[in-house]
Every structure is written in structure tokens, then in C-alpha cells.
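Novice: the sequence isn't on hand, but the structure is:
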Ligand SMILES: Cc1cc2nc3c(=O)[nH]c(=O)nc-3n(C[C@H](O)[C@H](O)[C@H](O)COP(=O)(O)O)c2cc1C
């Protein structure tokens, strides 16, 4: 059934088709129709970060940036839904076109640049949602906030979303906000993590609940750099790491239409790079911090590979565009088979 929908959606520009999909999934969610698209509930209870997940396959950040279709995505069978990246103030993102399909490679290139309606709008949407499962809220900085003051933006978002999120993801790995990725290194990373941890403690007191913090990293670091990030996350008492965001590499798409567009590459070509980061992290962390793996899951078996590499949960973005909702069940089933 999705192959028909895909044929129609792929006739539209990627961004129009994206907006239409969010509208349809959101409307289906409000009417309670989306569950009809899945054969039966996809249950595979999983506990990570002290949270109870209906299954370990989640929606990755960036598809529902404003939280417009939370119920709709949940009804499709995702075990958790991550919305955002959201910034303190609304911002338009980069000029269009900024989203490109590379269908021959099951890949996407995007340079959206955190287009979003701001954290206040997102919270309205969260309040309107009925979803009672695990909701991640992914936070970032505004384009025009100097990177030296990035911490202020993360803290402003954290203050606002804290009471409404099951966990909060700190996105320091988008390639489309100049300077953002520098926050993954050295003293900048340590200062950010320290500020976040202190604020998390204050907010835990204020709200009477501890909301876990996950840090989302890029696949474009050397193994040594990834190991340093892992050590810094443990040292700072973070709760999870999400690996990975999109890549700047063009390996695997050379010569294809749109492969020269600027931005982050996702989908099948990032899969092995991303799984490699999961393996390096797993080796360094030795179970001290859970890993949420994302990047290039386009078949159920890829989800199982990520779990075998050391992840506790997985997320999907590009694979959902190419394969549709059936991929969620396929991934859950493949992970279930691993547990047997
Ligand atoms: C169009 C697009 C927009 C994205 N926006 C965000 C975002 O706002 N925040 C974020 O943390 N990741 C964002 N991502 C990255 C995805 O969450 C994911 O980490 C990456 O695409 C790799 O997974 P995939 O191969 O399953 O797509 C975006 C990806 C795409 C394709």
C-alpha cells in the first residue's frame, strides 16, 4: 500500500511531500485512523534510561520538528517519538530548495537549518497530544545566536521543555548550523555538559522528576574523538548518547543526481559509518551509558545490526521515507528475533 503512496508523494518536491505527509499523519492521528495501517500493536517492552518503551524503534528527530503529528506517528507503531530540533525562537531555516532525494541510494541530503516555529509553539502541540508513551524533545540553538552563547539557547529550551519531555536530546551534531559541531569537542563540550547537568539538577528539584539527557553526535569524528566524547559524557553524568546525525561524506553517492548538494547525507550510505560509531562508543562506555542508534536503517535487519553493535534503542528517519510504516514492524520483529 505504501508503494502507491510513495509513487504519488515522490512526484511532488521533497519538501511539499514532507509537509503533506506530516499533515496526513497528523490528521490520521487525530481521527485515530493510523492504527488501522499497522497490522497489530508492535509491542516489545524495553527499559532504557529508567523509561519504559513500548518497543525499541523510535522516530528520529527532524521529521516532526514542531510536534505537529505526535499521536499520528505513535499510532503507526513507533515505540517512542522524538520531536524537534526546536530552537528558543522561531526561524525559517535555509532558503529552498534544501531537501533532496537520492532514490538510487535510498538516501537523502538536507540542509534544512533548523526551520521550526520555536519552543513555545512546540509546547502547545505537545500539550494538545494524547500520546502517553515516551516523547523525546530535541533542542538546538538559533542560527543567529553566536556559538559562544550556544549554552544560553540550550538552557532556555531545557527550562521550557523539561516538564513535558520523557527525555531531552541535545543536538550538537547538525551540519547545517555553522559552528554547532564544534560543541562536540574539548572545553566547549565540557562547559556545555556541565551547564546542562547543573540545570538538570535544579529542574529535577523544581519539578520533582529527573528527565534524562541524551547527546546526539555526528558520524564524522575519528575513533579517538568519539572516544573522548564518550569519556566526557560519562564524566558529566549524561544519561544517553544518540549516534548518529547525518554525514558530510559523500561516499556511496558519488555521481548521483544531487550528490553535490551541500548538507547532511542520511539513509543507506550513512549506515556503516554510523554503526561503526555505535561500536566505538559501546567499547568505550562498557554499558555505563545506553546508546540510541540511528543512521541508515532501511530494513529490519539493519535495526538488529545496531542492537548487536551495542545499542539499546534505534531510530529511523530516511528509511521511513523510502519504506513507509511497514519498516517499523520489520525492525521490531528483527530485534525481537535477536532477543530469543
Ligand atoms: C530532512 C532531515 C532533517 C533532519 N533534521 C534533524 C533535526 O532537526 N535534528 C536532529 O537531531 N536530526 C535531524 N536529522 C537527522 C536524523 O534524525 C538522523 O539522525 C539521520 O537522518 C540518520 O538517520 P537515517 O539514516 O535513518 O535518516 C534530519 C534528517 C533529515 C533527513
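Specialist: Sure thing, it's come through. Quick caveat, the model's predicted, so the values are computed rather than measured.

Novice: nearest spatial neighbour of residue 246, chain-adjacent residues omitted?
Specialist: Using Cβ to Cβ, 6 or more residues apart in numbering and skipping the chain neighbours, the partner closest in space to residue 246 is residue 264 (2.6 Å). The C-beta positions use only the backbone N, C-alpha and C, and glycine is treated the same way.

Novice: and for residue 290?
Specialist: residue 312 (4.2 Å).

Novice: pLDDT value on the one you found, please?
Specialist: On pLDDT, residue 312 comes in at 98.

Novice: which positions in stretch 221-234 come out as buried?
Specialist: For stretch 221-234, a neighbour-count test (16 or more other Cβ atoms under 10 Å) marks 221, 225-230, 232-233 as buried.

Novice: quick check: of the residues you listed, which lies closest to residue 305?
Specialist: Distance to residue 305, by Cβ to Cβ, is smallest for residue 226 among these, at 18.1 Å.

Novice: tell me the contacts of that closest one?
Specialist: Shown in contact with residue 226 (Cβ atoms under 8 Å, 6 or more residues apart in numbering): 217, 277, 280-281, 284.

Novice: what's the closest of the residues you listed to residue 326?
Specialist: Using Cβ to Cβ, residue 277 comes nearest to residue 326 of the contacts of residue 226, at 27.0 Å.

Novice: was I right to think the closest one contacts residue 244?
Specialist: Yes. Look at residue 277 against residue 244 with Cβ atoms under 8 Å: they come within range, at 5.2 Å.

Novice: mind listing the strands for the protein?
Specialist: In the chain, the strands defined using DSSP state E lie at 46-48, 51-53, 57-59, 80-86, 99-102, 107-110, 134-139, 167-171, 213-217, 240-243, 264-267, 291-294, 313-316.

Novice: could you dump these into JSON lines and include distance to residue 196 and mean neighbour count?
Specialist: Putting the strands of the chain into JSON lines (distance: least, Cβ to Cβ, whole Å; neighbours: other Cβ atoms under 10 Å) gives the following:
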{"stretch": "strand 46-48", "distance to residue 196": "19", "mean neighbour count": "17"}
{"stretch": "strand 51-53", "distance to residue 196": "18", "mean neighbour count": "18"}
{"stretch": "strand 57-59", "distance to residue 196": "21", "mean neighbour count": "27"}
{"stretch": "strand 80-86", "distance to residue 196": "15", "mean neighbour count": "28"}
{"stretch": "strand 99-102", "distance to residue 196": "30", "mean neighbour count": "21"}
{"stretch": "strand 107-110", "distance to residue 196": "26", "mean neighbour count": "26"}
{"stretch": "strand 134-139", "distance to residue 196": "10", "mean neighbour count": "26"}
{"stretch": "strand 167-171", "distance to residue 196": "6", "mean neighbour count": "25"}
{"stretch": "strand 213-217", "distance to residue 196": "6", "mean neighbour count": "26"}
{"stretch": "strand 240-243", "distance to residue 196": "13", "mean neighbour count": "28"}
{"stretch": "strand 264-267", "distance to residue 196": "23", "mean neighbour count": "27"}
{"stretch": "strand 291-294", "distance to residue 196": "17", "mean neighbour count": "28"}
{"stretch": "strand 313-316", "distance to residue 196": "21", "mean neighbour count": "28"}
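
Novice: next, format those strands as a markdown table and append distance to residue 192.
Specialist: Formatted as a markdown table, those follow (distance: least, Cβ to Cβ, whole Å):
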| stretch | distance to residue 192 |
| --- | --- |
| strand 46-48 | 23 |
| strand 51-53 | 23 |
| strand 57-59 | 24 |
| strand 80-86 | 15 |
| strand 99-102 | 28 |
| strand 107-110 | 24 |
| strand 134-139 | 12 |
| strand 167-171 | 8 |
| strand 213-217 | 9 |
| strand 240-243 | 14 |
| strand 264-267 | 21 |
| strand 291-294 | 19 |
| strand 313-316 | 22 |
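
Novice: so which of the ones you listed is nearest residue 184?
Specialist: That would be, of the strands of the chain and by Cβ to Cβ, strand 213-217, which comes in at 6.0 Å.
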